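Peer 1: predicted model, plus sequence, below.
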Amino acid sequence: MAKQTNIINTLYGQLPALSVTDHKIAEQILGDPRAVVNMTIAELAQAAEVSEASISRFCRTVGLGGFHELKIALAQVAGDEHSYYHQVSGDSLQQALKSISDNKVAEVVSTLAGTDSATIQAVLDALQSASMVLCAAAGGTLPVAQDAAYKLNQLGIMATADTIWEMTVGQAMNMPRDGVVLVISNSGETQSLLSLIQVAKQRGITVIAMTNRVDSPIAQQADLHILTTVRQRVFDSEYYFSRLAATTAVEAIFLLLLAQNKSFADHIKAHETIVAPTKI
């Protein structure tokens, strides 16, 4: 299970699924976490234009015991600028690039720190012992699944990633039971991927998921979950999208597998030798 040590990561992950009232509270907190540390519950309620009872309910919704616990959680991370979302404005190209850079650094740092080592090791063990790995994603995350399949094949682990969902489901129906399904989803709510997981679970196949939310349906149904962290907001809305966090997780797994099994290096060298004539 992913660690919940950073309340700001938790809020970003849950933001799209929050009610209108809870969304207002979360946005107020994320706008200036340090200020909230010094607020009373009445002051936060006034700033977010909600009731004090709504603040208490919000705390329970995000897994906290109450407002005091929220302030403690915020105090632990409020000084970390990497935790914040930096607004990208078209008014200044230099500032916009700086904000994008800060957001991407936050995604990488938080993703690499977001999952406990025991879970990571379980993921590595599952992949190394798998006779086949089916990498699946949807929409804009599909390239990440293809990258994962490419990297695993380089290591010598048989992996596939198809852009056609019906083909992916068909492959899952014919996978050996000692295979692994790796599902990559920002929201963790994609219905086609949930259907794929059901097929895998019915066959007793291990499911590894990468999502932005530990409470998402895909994360909850997976056997192992890696938490990715997204900061890049699109269209100044609650819609967050980035391939970088998931790509970072895939890259980390690739490098960890390589570090733990030196024989993988020989397979990479052999693969590079074969494809070398295709390069100028």
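Peer 2: Yep, that arrived. Numbers count the residues shown, from 1 in each chain.
Peer 1: please tell me how far I253 sits from D116.
Peer 2: In this view, I253 and D116 are 15 Å apart by CB to CB, to the nearest Å. C-beta: built from backbone N, CA, C; applies to glycine.
Peer 1: which one's more surrounded, the two?
Peer 2: Comparing I253 with D116 by neighbour count (other CB atoms under 10 Å), the higher total belongs to I253, at 22 against 14.
Peer 1: secondary structure element for the more buried one?
Peer 2: If you go by DSSP states H and E, I253 is part of helix 244-260.
Peer 1: L70 against L11, yeah?
Peer 2: No - assessed by CB atoms under 8 Å, L70 is found out of contact with L11, at 9.9 Å.
Peer 1: what touches both of those two?
Peer 2: I29, V62 (CB atoms under 8 Å, 6 or more residues apart in numbering).
Peer 1: domain parsing for the protein?
Peer 2: As assigned by automatic domain parsing, the chain contains the domains 7-84, 114-278.
Peer 1: format those as a markdown table; extra columns: mean pLDDT and distance to A96.
Peer 2: Formatted as a markdown table, the domains of the chain follow (pLDDT from 0 to 100; distance: least, CB to CB, whole Å):
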| stretch | mean pLDDT | distance to A96 |
| --- | --- | --- |
| domain 7-84 | 87 | 16 |
| domain 114-278 | 89 | 12 |
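Peer 1: how much space between the residue nearest in space to the middle of the chain and E166?
Peer 2: Geometric centre of the chain, nearest residue: T228, 2.0 Å, by CA atoms, centre = their mean. Counting by CB to CB, the separation of T228 from E166 is 26 Å.
Peer 1: how about K151?
Peer 2: As judged by CB to CB, K151 and E166 stand 25 Å apart.
Peer 1: looking at those two, which is more packed in?
Peer 2: Using other CB under 10 Å as the criterion, K151 and E166 rank with K151 on top: 20 against 9.
Peer 1: pull the contacting residues for that one.
Peer 2: By CB under 8 Å, 6+ apart, K151 lies in contact with V250, E251, F254.
Peer 1: correct me, but the last one touches L155?
Peer 2: Yes - between F254 and L155 there is a contact at 7.1 Å, judged by CB under 8 Å.
Peer 1: find the nearest non-adjacent residue to L134, please.
Peer 2: V181 (4.8 Å; CB to CB, 6 or more residues apart in numbering).
Peer 1: what's the helix or strand where the one you found lies in contact with?
Peer 2: Assigned by DSSP H and E, V181 belongs to strand 180-184. Outside strand 180-184, the residues that touch it by CB under 8 Å, 6+ apart are 126-127, 130, 132-137, 141, 144-145, 148, 172, 175, 193, 196-197, 200, 205-211, 218, 222, 246, 250.
Peer 1: helices - which of those residues land there?
Peer 2: Using DSSP state H, the subset of the contacts of strand 180-184 located in helices is 126-127, 144-145, 148, 172, 193, 196-197, 200, 218, 246, 250.
Peer 1: send the alpha carbons of the helix or strand harbouring H68 over as PDB?
Peer 2: Following DSSP H and E, one finds H68 within helix 67-77. Output of helix 67-77 as PDB, limited to C-alpha atoms (Å, rounded to 0.1, in the frame of the first residue of the first chain):
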ATOM      1  CA  PHE A  67      -8.900  19.700  11.900                       C
ATOM      2  CA  HIS A  68      -6.000  19.400  14.400                       C
ATOM      3  CA  GLU A  69      -4.700  16.400  12.600                       C
ATOM      4  CA  LEU A  70      -5.000  18.300   9.300                       C
ATOM      5  CA  LYS A  71      -2.900  21.100  10.700                       C
ATOM      6  CA  ILE A  72      -0.200  18.700  11.900                       C
ATOM      7  CA  ALA A  73      -0.100  17.000   8.500                       C
ATOM      8  CA  LEU A  74       0.200  20.300   6.800                       C
ATOM      9  CA  ALA A  75       2.900  21.500   9.100                       C
ATOM     10  CA  GLN A  76       5.000  18.500   8.200                       C
ATOM     11  CA  VAL A  77       5.200  19.400   4.500                       C
END
